[in-house]
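Enquirer: Using only what follows, build the 3D model:
(chains A and B)
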Amino acid sequence: MTSPRTETATHRVATTALAAALPRAIGRRRAVGRLMVAVAVAGSVLAMVPLLLITWHLIDKGAAALHLSFFTALPAPVGEAGGGMANAVVGTLLLVSIAALIGVPVGIGAGLYAAEHRGQPVAVMVRFVSEVLSGLPTIVIGIFAWEFLVRPVRHFSALAGGISLAVIMIPLVARATEEMVLLVPAALFETALALGYSRWRAALGVVLRTALPGVVTAVLVALARVAGETAPLLFTAFGNQYWSVSLRQPVSALPLQIYTYAISPYDEWRSLAWAGALVLIGLALVFSVAARIATRRRYGRRGR
Amino acid sequence: MAAVGAERAASGPAVAPAATPGERPATARLRADGFSASFGASRVVRGVTAEFLPGQVTAVIGPSGCGKSTLLRCLNRLHETARGATTEGAVWLDGVDIYAPDVSAVAVRRQVALVMQRPTPFPMLSIEENVVAGLRAGGVRERALLREVAEASLRRAGLWDEVEYRLRASPATLSGGQQQRLCVARALATSPRVLLLDEPTASLDPVSVQKIEELVYELRGHVTVVMVTHNMQQAARVSDATAFMLHGELVEMAPTSRLFTAPSDQRTEDYITGRFG
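Expert: Take a look at the predicted model:
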């Protein structure tokens, strides 16, 4: 161990050197600091540009076709004026509801389990599977659903579409839930146990409930994401020109309708496709605003 | 005091039904018997035999890592919830071994409450909901009763006057000391017969420390208190008996006045005179 005296001497030398170097160092730090702020500002502007461009373009092209009839009327035959995508709006809501009904409980359950059993083989497995699943191209999930849910019964169905969307949702929800639950202090879980909560009650009533704002956000973001999915619906929900809310029948969805209309040669259809895209973005906006409201703390701000 | 314990023991399996909520908790005699606890291969509590007398405040002191917190967590079967945690031996709560195979850990924890080192109010519940959280988990639903117990518990924890008009506010609006007293109120709400305190003042300012100590002092006679502390002055101030632990073993347990003035073990003397730890 160095003696106190040597330590002091070393310290003094260091301090002197530091004092000499300080003005130069500060000047450089300021310059680097400004540069980094500039980079950050440029980055955030660049990140916003695509969103603004897309939104502006959609409003420009789609707002014209966006009448009330868009939400009330069925697609009109070619050449006929008017017509809407009411069936696609309803179909998307139906598909997203099925996906939520299956994906939310399974995803939250898997995430909670993985968080509560962190480090254990089964939990590691759950996490690994979610990671792989969330990296899977969605069209692969669509083919999978087609093979197991469409081919055996020989017809496309809303159920098959909803399930494939649920499969996309599950890993998103599971991973977010796991992360949120891991943020909850372990002492809260123990406190609940010490108060005579059973394990499942402590896990759901205290841990999950504390993590809930984050989980709700993740769920709504996942819903917004699957609402815009097209690929897995191509061979499952398939699309439908007519009204249908049956789980066993093919059903229309906004992304499918947009796809069909956008590649069509008819101007009315193409402008309806723009309107559909605008509605889809509006739907995503509704979901994220709902997420904001849901995650607003129950008790306003923290602090005294 | 002993009579109360005997009466309880005589009235059947003491661990089974919780006392009526809101009723003044009865005290209980708690005795660890040749008790050991481990995390995996490392044994943290080694063959501890200790008796915590009804209505008394017992302080458990010892250097960091001596196993005092683990011992405390064994007294309400919380230790076993950690991964790789195992126990040996028995803990008798008024004549019932809480580690007996037919005794449920949940039932034990309703009778032997624990307050953690740092305040742990449930952030998503209001102050009032926090106090009655244990009761609700136990299936109590009547609003009037819950309200009544909440007030009684907050009064016992000396917090009522400070929160009376903001029972619906978030516990995050309370100071650290108030939060800790809220946790004590929450622990008392289920009418436990034993209250375990794991360094309850370690994270608090001096004024809050004093309030908690006064509270512990007032609980004497109403509930059996076991308090882990690393602060010997605190142990001397609030406890009737003191246990000194070292390397997982119970070195000495005696009435507080005797342990601090005339310890019978050299290691105890070395510790309390500040020679180590």
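Enquirer: quick one: stretch B:129-141 to chain centroid distance?
Expert: What separates the centre of stretch B:129-141 from the centre of its chain is 19 Å, taken as Cα atoms, centre = their mean, to the nearest Å.
Enquirer: in it, what's buried?
Expert: B:129, B:130, B:131, B:132, B:133, B:134, B:135, B:136, B:137, B:138, B:140 (16 or more other Cβ atoms under 10 Å in any protein chain shown). All C-beta spots, glycine's among them, are computed from the backbone N, C-alpha and C.
Enquirer: wait, which of those is closest to chain A?
Expert: When the buried residues of stretch B:129-141 are compared for distance to chain A (Cβ to the nearest Cβ), residue B:134 comes out closest, at 3.7 Å.
Enquirer: So what's the residue count around the closest residue to the closest one other than its chain neighbours?
Expert: In this structure, residue B:134 finds its nearest non-sequential neighbour in residue A:195, 3.7 Å apart by Cβ to Cβ, 6 or more residues apart in numbering or on different chains. Residue A:195: 27 surrounding residues under other Cβ atoms under 10 Å in any protein chain shown.
Enquirer: Isn't residue A:195 up against residue B:131?
Expert: No: counting by Cβ atoms under 8 Å, residue A:195 stays clear of residue B:131, with 10.7 Å between them.
Enquirer: got the phi/psi numbers for the residue in the stretch 151-277 of chain B that chain A sits nearest to?
Expert: Per Cβ to the nearest Cβ, residue B:170 is where the stretch 151-277 of chain B lies closest to chain A, at 3.5 Å. Dihedral pair for residue B:170: phi -80, psi 140, per degrees, to the nearest 10.
Enquirer: Please work out how many residues are found near it.
Expert: Residue B:170 has 21 neighbouring residues, counting by other Cβ under 10 Å.
Enquirer: thinking it is in contact with residue B:123, fair?
Expert: Yes: applying Cβ under 8 Å as the test, residue B:170 and residue B:123 come out as touching, 7.0 Å apart.
Enquirer: shared neighbours, residue A:195 and residue B:131?
Expert: residue B:186 (Cβ atoms under 8 Å, 6 or more residues apart in numbering or on different chains).
Enquirer: mind checking how far the residue of the stretch 151-277 of chain B closest to chain A is from residue B:128?
Expert: According to Cβ to Cβ, to the nearest Å, residue B:170 and residue B:128 sit 11 Å apart.
Enquirer: Quick one: residues contacting residue B:89.
Expert: By Cβ under 8 Å, 6+ apart, the contact set of residue B:89 is B:32, B:33, B:34, B:35, B:36, B:47, B:48, B:99.
Enquirer: Name the nearest residue to the second one, ignoring sequence neighbours.
Expert: By that I understand residue B:33. Residue B:33's closest residue in space is residue B:90 (Cβ to Cβ, 6+ apart), at 4.6 Å.
Enquirer: tell me which residues in the helix or strand that contains the one you found are buried?
Expert: Using DSSP states H and E, residue B:90 maps to strand B:85-93. Neighbour counts over strand B:85-93 (16+ other Cβ under 10 Å) mark B:85, B:87, B:89, B:90, B:91, B:92, B:93 as buried.
Enquirer: okay if I get these as JSON lines plus pLDDT?
Expert: Shown next, in JSON lines, are those (pLDDT from 0 to 100):
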{"residue": "B:85", "pLDDT": "89"}
{"residue": "B:87", "pLDDT": "88"}
{"residue": "B:89", "pLDDT": "88"}
{"residue": "B:90", "pLDDT": "88"}
{"residue": "B:91", "pLDDT": "90"}
{"residue": "B:92", "pLDDT": "88"}
{"residue": "B:93", "pLDDT": "89"}
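Enquirer: ok, residue A:135 - how many residues close by?
Expert: Neighbour number of residue A:135 under other Cβ under 10 Å is 8.
Enquirer: and what of residue A:249?
Expert: With other Cβ under 10 Å as criterion, residue A:249 counts 17.
Enquirer: what residue ranges in chain B score low on pLDDT?
Expert: Applying pLDDT under 70 to chain B picks out residues B:1-25, B:276-277.
Enquirer: Sketch out the strands for it, chain order is fine.
Expert: Under the criterion DSSP state E, chain B carries strands at the ranges B:30-39, B:42-52, B:57-61, B:85-93, B:96-97, B:112-115, B:194-198, B:224-228, B:241-246, B:249-255.
Enquirer: Nearest to residue A:253, out of the ones you listed?
Expert: Taking Cβ to Cβ, strand B:85-93 is the member of the strands of chain B nearest to residue A:253, at 51.3 Å.
Enquirer: Who are the contact partners of the residue nearest the centre of chain B?
Expert: Residue closest to the average C-alpha location in chain B (Cα atoms, centre = their mean): residue B:196, at 0.6 Å. By Cβ under 8 Å, 6+ apart, the contact set of residue B:196 is B:72, B:73, B:75, B:76, B:112, B:113, B:114, B:115, B:225, B:226, B:227, B:228.
Enquirer: near chain A too, which of the residues you listed?
Expert: Residues shared between the contacts of residue B:196 and the neighbourhood of chain A are B:76, B:113, B:114 [Cβ under 8 Å from any Cβ of the partner chain].
Enquirer: what separates the last one from residue A:95, distance-wise?
Expert: As defined by Cβ to Cβ, residue B:114 lies at a distance of 48 Å from residue A:95.
Enquirer: So between the two, which is more surrounded?
Expert: Ranked by neighbour count (other Cβ under 10 Å), residue B:114 and residue A:95 place residue A:95 first, with 32 against 24.
Enquirer: Need phi/psi at the more buried one.
Expert: phi -60, psi -40.
Enquirer: hang on, isn't it packed against residue A:157?
Expert: No: using Cβ under 8 Å, residue A:95 is not in contact with residue A:157; the gap is 10.6 Å.
Enquirer: okay, and the common contacts of these two?
Expert: Contact criterion Cβ under 8 Å, 6+ apart; residues bridging residue A:95 and residue A:157 by contacting each: A:237, A:251.
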